[in-house]
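> Pasting a predicted model and its sequence here:
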Amino acid sequence: MDIIPIVRNKFRRRRTEKILDKGVIHGSDLSVSVAERCNELSIHNFIDNKMECFFARLGKQEAFGLYETVINQVEKSLIKRAMKWANGNHIKASRLLGINRNTLRSKIKKLNLKV
């Protein structure tokens with residue numbers, strides 16, 4: 001699923017695309033240490049690198065349920081970060097994520113998140 005189309009406003013969509021492409025938000029509220037850790041690596045490249053390492057370690061061993069495991073882990077991290085960004089405000093976090101507030105609450109419950 002592409003994240004970008006959920007951003008309705010054209011200005012916000014372009015800004016979101018830039019943020020996702022660069023992996024860094026340039027602004028006064030972003031600490032230097034976070035910017036350094038981001039190292040201007042896009043989300044796509046980061047995940048691709050991690051998956052490459054995972055498959056290299058996996059070798060020829062059989063594995064099952066990888067898709068669901070990866071999606072759950074990414075979703076869990078994304079929701080935790082969105083809730084932290086929104087200071088625990090479910091409505092703000094759901095707007096950021098582009099999902100309904102009730103969907104967010106059900107995902108928090110399903111993923112057993114402490115927010």
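Done, it's in.

> can you pull the contacts of residue 76?
111, 113 (C-beta atoms under 8 Å, 6 or more residues apart in numbering). Quick note: C-beta positions are derived from backbone N, CA and C, even for glycine.

> any idea which element it lies in?
helix 66-85 (DSSP states H and E).

> Identify each buried residue in the next helix or strand after that helix, please.
Sequence order places helix 90-97 as the next helix or strand after helix 66-85, per DSSP H and E. Buried positions in helix 90-97, judged by neighbour count with 16 or more other C-beta atoms under 10 Å: 90, 93, 94, 96, 97.

> what comes into contact with helix 90-97?
78, 79, 82, 83, 85, 86, 100, 101, 103, 104, 105.

> What distance do you get for the last one to residue 91?
Here the criterion is C-beta to C-beta, to the nearest Å. By it, residue 105 lies 11 Å from residue 91.

> need the helices for this protein, in chain order.
Secondary structure of the chain, counting by DSSP state H: helices at 10-22, 32-38, 43-58, 66-85, 90-97, 101-110.

> and the ones you listed, which is most packed in?
helix 90-97 (a mean of 18; mean count of other C-beta atoms under 10 Å).

> Please save the CA atoms from that one in CSV.
Written as CSV, here are the backbone C-alpha positions of helix 90-97 (Å, rounded to 0.1, in the frame of the first residue of the first chain):
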residue,chain,number,x,y,z
HIS,A,90,-5.8,9.3,19.2
ILE,A,91,-7.5,11.8,16.9
LYS,A,92,-4.2,13.6,15.9
ALA,A,93,-2.5,10.2,15.5
SER,A,94,-5.3,8.8,13.4
ARG,A,95,-5.3,11.9,11.2
LEU,A,96,-1.5,11.6,10.7
LEU,A,97,-1.8,7.9,9.8
